[in-house]
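Asks: coordinates only, sequence not included:
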DNA sequence: GATAGATTTGTAAATGGTTACAAATCTTTT
DNA sequence: AAAAGATTTGTAACCATTTACAAATCTATC
């Protein structure tokens, strides 16, 4: 393999000059620059990133930790973060927690501590004490998206407010019998969204003086089939069927729509349905939703990280708690309307 | 940060001994081993991966290149590869091509050449001349999945045979009017699946002496909404409506089912529909499909890579063309049946 | 208890870049 | 044309590990 020394020899300059010429960090005479560039091109030279890292302490690589990949929110978030990082010359190494508890332990105890990354981003992950402790001890930037991180920077939407807005949309249309399909009791791995969105639903109902019936909340995983079954339960009950359903995600909203249709109910004439996310396919399903521009968030959170790395001052504390709130908005489509008069 | 020297000092041995004790690559006396281990634990020492890489030439990191993340096949493939790699102590760095042509260029011309990865895996990517050339010049293992790679190892299903089996299933049920929803004319980025599966459909029809009507093939992207619109076209035609539809993927199959229902047609009584993949939600939709264990393929292809890295012999050619064919099978669900008598 | 052989250990040379510092060269000013 | 200042360059130390080689220690044998 050709190294910097080969280039220096061919160009007739020292390795220092080659380094300066190629990195652009210091001025080099036009002649030298040209010689180095042609020599490098001729040899097909590319700097070894490990030598660079060893010398500078920077990896130009950031670690991204997430609980799943095969869900819309996560894959889209990952995609937009990756695009933004590559754009700025950074690599992304992936740490996916779906491999179980022991894989999770290894990631936090081994992989993330190997000085392989300049910073860590977490996507909708709740870190436990020791994980957080491990991460902060590395003194590297930590940035989260999809929920707050104690003691670090994070970007998130106000999930309670989102759940509330979704519900208030239904209330404003005249619905009084409003159910909610939400996440299971927060598992270790999930974040706060499920419960927060449910709380928003409760708050909205209470705020409007409507009753919060236990049987009008059904826990389900965040998938289309999960919500499908939940909604069949809820709509199948001849005495208690609600006229509106608030789903904690759009993927669940799709399941709700399919379930209603499967029962022969019309959406929105017989049931109104709303989700949260603005999934790429929500338009296709005509699903009214609380839109939260996931791609925008991914790009933004990547920029926050890059900024942190750029303006890093030795000695200063890297991570300070700071949660930034991202806006959301109601997008009305054809899955919600006034309840039909009985 | 604590380095190997600190550990050596605390344990009262040389750095060489620390290295040997911790890597387990050479025998160390039990006493020394114990001393080193306690010292390392006390200091919370973790070896710097860049120094390791510089000294050994191995990164324990492999690069994965894919065209999208937010599609079921890709996210599941990625997830299973990542799990297998982490299991064996390898990192995965992600190169996603969805950021456009210039991003693609940078990835192949810069990122993958920086000696940052021990090997490269591509998922359903067609490499052009120069990309392939760049990759093979690094003399690092290259392994593909989802289609062959000229001059390198690859794992793939026989997409033509899969398309053919799907179609023959319809034929064996007695269908004679069989349409196909397939991929657009192979774009640069996609792989051969779209056309291969279409070819399978054609071959099956010809083999059975049935006519191949041009208007019974509709190109669409590989999404549910895409297929939805395509199928509405095809089923809406009063004179030419087929009784069976072969979709090039399950996500398209879902769209086909929804489109049929939307037109008031019953599946399978009025139209039979089949897909390819065995998507996690195919069971939910009752979609008959050609199943290709994507997780299994991901795991396998990761093992092939690890094997290559393990048994790497200096001087031997690393990449030799070899395509391994992965099996698939017909999974019959409720979306296919005999055509109803007119 | 000396000798040979096996095992364990330490010394120091890689690995391939970056960069502080000093030396050399080039401008400008007098 | 010399002096001062600015710019460009080269030398060599440094980053944190691994590992070849030699030295030291241990174990077994006579």
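Replies: Yep, that arrived. Given the structure is predicted, the values throughout are model-derived calculations rather than measurements. Numbering: from 1, shown residues only, chains lettered A, B, ... in the order given.

Asks: Please list all residues in contact with residue A:122.
Replies: If a contact means CB atoms under 8 Å, 6 or more residues apart in numbering or on different chains, then residue A:122 has A:64, A:65, A:66, A:142, A:143, A:144, A:145, A:149 as its contacts. Yep, even glycine has a C-beta here, placed from its N, CA and C like the rest.

Asks: so which of those is the most crowded?
Replies: residue A:145 (29 neighbours; other CB atoms under 10 Å in any protein chain shown).

Asks: State the distance from residue A:214 to chain B.
Replies: 27 Å (CB to the nearest CB, to the nearest Å).

Asks: Now for that residue, how many residues are close by?
Replies: The number of residues packed near residue A:214 is 6, by other CB under 10 Å.

Asks: likewise residue A:303?
Replies: For residue A:303, the count of nearby residues is 15 (other CB under 10 Å).

Asks: Helix, strand, or coil at the residue nearest to it when sequence neighbours are not counted?
Replies: For residue A:303, the nearest residue in space outside its immediate sequence neighbours is residue A:84; the separation is 6.5 Å by CB to CB, 6 or more residues apart in numbering or on different chains. Following DSSP: H, G, I helix; E, B strand; the rest coil, the label given to residue A:84 is helix.

Asks: Residue A:84 touches residue A:296, doesn't it?
Replies: No. Here residue A:84 lies out of contact with residue A:296, judged by CB atoms under 8 Å, at a distance of 10.7 Å.

Asks: So these two - more neighbours on which side?
Replies: Taking neighbours as other CB under 10 Å, residue A:84 and residue A:296 compare with residue A:84 leading, 21 against 12.

Asks: show me the contacts for that one.
Replies: Remark: with contacts taken as CB under 8 Å, 6+ apart, residue A:84 is in contact with A:298, A:299, A:302, A:303, A:306.

Asks: Now do the end-to-end distance for stretch A:217-224.
Replies: Its first and final residues considered, stretch A:217-224 spans 17 Å by CA to CA, to the nearest Å.

Asks: is it anywhere near chain B?
Replies: Yes. Against chain B, stretch A:217-224 shows contacts by CB under 8 Å from any CB of the partner chain at A:223, A:224.

Asks: which residues are in contact with that stretch?
Replies: With CB under 8 Å, 6+ apart, stretch A:217-224 has contacts from A:71, A:179-185, A:194, A:198, A:201, A:226-227, A:229-231, A:233-234, A:248-249, A:251-252, A:254-255, A:258, B:281, B:284.

Asks: before we move on, what about stretch A:1-18?
Replies: Residues from elsewhere that reach stretch A:1-18 (CB under 8 Å, 6+ apart): A:19, A:21, A:28, A:32, A:35-36, A:38-40, A:42-45, A:47-48, B:115.

Asks: Near chain B, which residues of the stretch 151-300 of chain A are found?
Replies: By the criterion of CB under 8 Å from any CB, the positions of the stretch 151-300 of chain A lying close to chain B are A:223, A:224, A:225, A:228, A:261, A:280, A:281, A:284.

Asks: now for those, which pair is the farthest apart?
Replies: Maximum pairwise distance among these (CB to CB): 20.7 Å, between A:261 and A:280.

Asks: one step back: which of the contacts of residue A:84 lies closest to DNA strand C?
Replies: Within the set of those, residue A:306 lies nearest DNA strand C; the separation is 18.1 Å, counting by CB to the nearest atom of the strand.

Asks: And that closest one, what's its pLDDT?
Replies: We note a pLDDT of 97 for residue A:306 in this prediction.

Asks: ok, now how distant is it from residue A:81?
Replies: Shown here: residue A:306 relative to residue A:81, a distance of 11 Å by CB to CB, to the nearest Å.

Asks: So which of these two has more stuff around it?
Replies: A side-by-side neighbour count of residue A:306 and residue A:81, using other CB under 10 Å, places residue A:81 first with 29 against 21.

Asks: so who does that one touch?
Replies: Residue A:81 sits next to A:64, A:92, A:121, A:298, A:299, A:301, A:302 when contact means CB under 8 Å, 6+ apart.

Asks: Quick one: mark the members of these that sit in strands.
Replies: Residues of these located in strands (DSSP state E): A:64, A:92, A:121.

Asks: Using a markdown table, lay out the residues you listed together with distance to residue B:102.
Replies: Supplementary listing: the ones in strands among the contacts of residue A:81 in a markdown table, determined by distance: CB to CB, whole Å:
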| residue | distance to residue B:102 |
| --- | --- |
| A:64 | 22 |
| A:92 | 18 |
| A:121 | 24 |
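
Asks: ok, of the residues you listed, which one's closest to residue A:110?
Replies: Using CB to CB, residue A:64 is the member of the ones in strands among the contacts of residue A:81 that sits closest to residue A:110, with 16.6 Å.
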